[in-house]
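Trainee: how would this look folded up:
(chains A and B)
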Amino acid sequence: MTLFLILAFIAVLSAFGVVFNKNVVHSALALLVNFSILAVFYFMLNAQFLGIAQILVYAGAIVVLFLFVVMLLGADLGEQVTSWITWQNGFFVVLGLILITVIGSAVREFPVLGARGDLSQEAVADFGQTQVIARALFTEYIVPFQLVAVLLSVGVVGVVWLAQHQRQQKFRKVVAVLDGSWAEETRDEGINVHRVNWLQHQSIFDFDWVEIMQATDEDVEHFAMQVGNDTDDWRGSRYRQMPCLVSPDCKLSENTMRILQELFGEVRIARSLGGES
Amino acid sequence: MIGEVPLSFYLLLSAILFSIGAGGVLIRRNVIIVLMCIEMMMNAVNLTFIAFSRYLDSATGQIFVFMIMAVAAVEVAIGLALLVEINRHKPGVNVNDINSLKG
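Mentor: As a prediction, this is how the structure comes out:
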């Protein structure tokens, strides 16, 4: 009984720790404590198989997954909590108290129901507890068990698809366009080519090639200056291999053309990639 | 009685953990913490199942918990994958900012 009360206290404390921690990593660690305490409760309730499964699945896999995501996204991305005491939070606490009252009022010592299942002391002593679970799982509950397998497969395929989908999107080409005749900022050609008008965007972004359709020397020089001052290493290494298309209609001075030739790998007088020159 | 701890103690503890989880979902605006609170609520339900399984000497409760664990693992994997995906389009994990399906 004392052990139960101590563990219950730690469990509730760690549950509060998950909710009221400004650092996401600390929340994840509090969650780990909470899961582990629940595993101990499972052992106390004679459910050894699920106690081990709890430690493996929750404490092992899920908390690690949370920590991975926190590391991937950065722990500082969360909400900026200035104070916990707000009207909104007070309202939520009241809602929580109402919920606990409603659930708690249903809790009482139930009289021993007549029906006794297959986990009786004799069966457990005879086979051991895990065998009883396994027998139920592989005979009576075989269909749900198979469905869980299907669910896990769908989950794996879904997650892989999400990652794959992103990789395809990454190969979409982005083109920096300098065209004064455009009213809009971006134009899509199917799903493969995405054109962004730098004249309206006015700042540097990741692009795969440049098209100068209708721009003054001043605009081009301004653009070239931004590209030249770009401190991003990855982009900086790509500019030298990048084609730069200049429309024949666009009358640029020789000085401007020389600046472009210094910046980009290849400056072509053309309307489109591989088109007329 | 379960051993020396009455069943109602386990049920009350489970109710408390569930309510804390539900309150956390409402109070916090960080998607990762919201997912953690949902996991905590599922665990509270699992505790109820196992307490009743012990009390009724039935394996069914434990089978239920087994299924819930599998569903929870899939749920958190897909939820976090979606979160990472959303993050590439729009940095930040605040649920108030994630209000548009259009990237």
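Trainee: in chain B, what residue comes closest to chain A?
Mentor: Using CB to the nearest CB, the single residue of chain B nearest to chain A is residue B:58, 2.7 Å away. To be clear about C-beta, it is placed using only N, CA and C from the backbone, and glycine gets the same treatment.
Trainee: tell me the secondary structure for that residue?
Mentor: Classification of residue B:58 using DSSP: H, G, I helix; E, B strand; the rest coil returns coil.
Trainee: for the least confident helix or strand in chain B by mean pLDDT, name the packing helices and strands.
Mentor: None of the helices or strands of chain B scores lower by mean pLDDT, DSSP states H and E than helix B:60-89, at a mean of 90. Applying 3 or more CB pairs under 8 Å, 6 or more residues apart in numbering or on different chains; DSSP states H and E, one finds that helix B:60-89 makes contact with helix A:48-53, helix A:63-73, helix A:129-138, helix A:142-170, helix B:31-55.
Trainee: so it versus helix A:63-73, what angle?
Mentor: Angle between the axes of helix B:60-89 and helix A:63-73 is 10 degrees (criterion: axes from the mean of the first three to the mean of the last three CA atoms, to 10 degrees).
Trainee: now do helix B:60-89: distance to the chain's middle.
Mentor: 9 Å (CA atoms, centre = their mean, to the nearest Å).
Trainee: next: stretch B:41-52.
Mentor: Distance, centroid of stretch B:41-52 to centroid of chain: 10 Å (CA atoms, centre = their mean).
Trainee: what do you get for stretch A:141-153?
Mentor: Counting by CA atoms, centre = their mean, stretch A:141-153 comes out at 26 Å from the chain centroid.
Trainee: buried stuff in it?
Mentor: Residues A:141, A:144-145, A:148, A:151 are the ones in stretch A:141-153 that count as buried (16 or more other CB atoms under 10 Å in any protein chain shown).
Trainee: related to what we said a few turns ago, need the helices and strands packed on helix B:60-89 in CSV (columns: distance to residue A:109).
Mentor: CSV is the format used below for the helices and strands packed on helix B:60-89 (distance: least, CB to CB, whole Å):
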stretch, distance to residue A:109
helix A:48-53, 24
helix A:63-73, 34
helix A:129-138, 24
helix A:142-170, 31
helix B:31-55, 10
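Trainee: okay if I get those as JSON lines plus mean pLDDT and distance to residue A:29?
Mentor: Converted to JSON lines, the helices and strands packed on helix B:60-89 look like this (pLDDT from 0 to 100; distance: least, CB to CB, whole Å):
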{"stretch": "helix A:48-53", "mean pLDDT": "91", "distance to residue A:29": "20"}
{"stretch": "helix A:63-73", "mean pLDDT": "90", "distance to residue A:29": "8"}
{"stretch": "helix A:129-138", "mean pLDDT": "86", "distance to residue A:29": "30"}
{"stretch": "helix A:142-170", "mean pLDDT": "85", "distance to residue A:29": "25"}
{"stretch": "helix B:31-55", "mean pLDDT": "92", "distance to residue A:29": "11"}
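Trainee: out of those helices, which comes closest to residue A:244?
Mentor: helix A:142-170 (22.2 Å; CB to CB).
Trainee: got the residues of the stretch 151-277 of chain A near chain B?
Mentor: By CB under 8 Å from any CB of the partner chain, the residues of the stretch 151-277 of chain A that approach chain B are A:151-152, A:154-155, A:158-159, A:162-163, A:166.
Trainee: drop anything exposed from the residues you listed.
Mentor: By 16+ other CB under 10 Å, these give A:151, A:155, A:159 as buried.
Trainee: name the residue of the stretch 151-277 of chain A that lies nearest to chain B.
Mentor: Counting by CB to the nearest CB, the stretch 151-277 of chain A gets nearest chain B through residue A:155, at 3.7 Å.
Trainee: enumerate every residue touching the residue nearest to that residue when sequence neighbours are not counted.
Mentor: Distances taken as CB to CB, 6 or more residues apart in numbering or on different chains put residue B:74 closest to residue A:155, at 3.7 Å, once the chain neighbours are dropped. Residue B:74 makes contacts with A:151-152, A:154-155, as judged by CB atoms under 8 Å, 6 or more residues apart in numbering or on different chains.
Trainee: now do residue B:74 against residue A:141, distance only.
Mentor: 18 Å (CB to CB, to the nearest Å).
Trainee: what do you get for residue A:265?
Mentor: Residue A:265 is 64 Å from residue A:141, by CB to CB.
Trainee: and stretch A:25-37, anywhere near chain B?
Mentor: Yes: with CB under 8 Å from any CB as the measure, stretch A:25-37 is seen reaching chain B through A:27-28, A:31, A:34-35.
Trainee: show residues contacting stretch A:90-102.
Mentor: Outside stretch A:90-102, the residues that touch it by CB under 8 Å, 6+ apart are B:15-16, B:18-20, B:22-23, B:26-27.
Trainee: what's the closest of the buried residues of stretch A:141-153 to residue A:80?
Mentor: The closest of those to residue A:80 turns out to be residue A:151 (CB to CB; 37.1 Å).
Trainee: excluding covalently adjacent residues, which one is nearest to that closest one?
Mentor: residue B:74 (5.8 Å).
Trainee: domain parsing of chain A, as residue ranges.
Mentor: A:1-74, A:127-167, A:173-269 (automatic domain parsing).
Trainee: measure the last one end to end?
Mentor: Across its full length, domain A:173-269 reaches 20 Å between end residues, using CA to CA, to the nearest Å.
Trainee: let me see the mean pLDDT of it.
Mentor: Across domain A:173-269, pLDDT averages out at 81.
Trainee: what do you get for stretch A:99-111?
Mentor: pLDDT averaged over stretch A:99-111 gives 82.
Trainee: gap between it and the chain center?
Mentor: 38 Å.
Trainee: next one: stretch A:195-205
Mentor: For stretch A:195-205, the distance to the chain centre is 28 Å (CA atoms, centre = their mean).
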